[in-house]
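# Just need the structure, nothing else, for what follows:
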Amino acid sequence: MKTKNLILNMCLLLIIFIFSMQLNAQNGQRRQIIKDKVEAQKVAYITNALSLTAAEAQQFWPVYNEYSAKNEELLKTFRKNNIEDRNVDPEKITDKEAMDMADDQIIQAQKILDLRKKYHIEFKKVLPPKKLLKLYQAEKDFKKFLLKEIKDRRDDRMKR
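You can find the predicted model right below:
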């Protein structure tokens, strides 16, 4: 009797485990689909805002994609560190730990700025000055657009 219950419980755990793995895989695929859609929207938005010629686009997009990938990696690290920092009660850590965490935030921000400065030079090689300025504005405008879309969808879900 105990063996039957043990086997039954093990089978039940196995089924739950397999089911949860499938759900995680689906969530991962869904996130990737959303990320790809956002990236496509961003490319269209920037292309439209800059009115790139074919020659400019051919030179610009490889540089921008490289910049974007490196920036995403830095931001991922920055976000991860920020989440870890938020889970810390400043009153329960030493002054040295607090100073190290504050210093790490400044170092991460500086890395992002250094990358931006490096690619600013690269962008100047492939874009005329006015289009470079338009690029920076288009990036800001796209972020605003994306945040508004997210807010609108959240509001729509709340109304239902």
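
# where's the residue nearest the centre of the chain, which helix or strand?
With distances taken as Cα atoms, centre = their mean, the chain has residue 72 as the residue nearest its mean C-alpha position (5.7 Å). Using DSSP states H and E, residue 72 sits within helix 54-86.

# so what does that helix touch, helix or strand wise?
Here helix 54-86 is seen to pack against helix 2-50, helix 95-126 when contacts are counted using 3 or more Cβ pairs under 8 Å, 6 or more residues apart in numbering; DSSP states H and E. Using the backbone N, CA and C atoms, a C-beta is placed for each residue, glycine as well.

# pLDDT of the longest one, averaged?
In this case it means helix 2-50. Per-residue pLDDT values over helix 2-50 give a mean of 69.

# what comes up buried for the helix holding residue 72?
Along helix 54-86, the positions that meet the burial threshold by neighbour count (16 or more other Cβ atoms under 10 Å) are 60-61, 64, 67-68, 74, 78.

# Just the closest of these to residue 113, please.
Of all these, residue 74 has the smallest distance to residue 113: 10.0 Å, by Cβ to Cβ.

# any idea how far residue 115 is from that closest one?
6 Å (Cβ to Cβ, to the nearest Å).

# Please apply the same query to residue 156.
Using Cβ to Cβ, which is the criterion applied here, residue 156 is 36 Å from residue 115.

# These two: who's more crowded?
For residue 156 versus residue 115, the count of surrounding residues by other Cβ atoms under 10 Å is larger for residue 115: 16 against 9.

# In this structure that one contacts residue 73, no?
No - checked against Cβ atoms under 8 Å, the pair residue 115 and residue 73 is beyond contact range at 9.4 Å.

# export stretch 65-82 as CSV, just CAs?
In CSV, the C-alpha atoms belonging to stretch 65-82 read as follows (Å, rounded to 0.1, in the frame of the first residue of the first chain):
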residue,chain,number,x,y,z
ASN,A,65,22.7,46.6,-34.0
GLU,A,66,26.1,46.0,-32.4
TYR,A,67,25.6,49.0,-30.1
SER,A,68,22.1,47.8,-29.2
ALA,A,69,23.3,44.3,-28.3
LYS,A,70,26.1,45.6,-26.1
ASN,A,71,23.8,48.2,-24.5
GLU,A,72,21.2,45.5,-23.8
GLU,A,73,23.8,43.3,-22.0
LEU,A,74,24.9,46.3,-19.8
LEU,A,75,21.3,47.1,-19.0
LYS,A,76,20.5,43.5,-18.1
THR,A,77,23.4,43.6,-15.7
PHE,A,78,22.4,46.9,-14.3
ARG,A,79,18.8,45.8,-13.8
LYS,A,80,20.0,42.6,-12.1
ASN,A,81,22.2,44.5,-9.7
ASN,A,82,19.4,47.0,-9.1
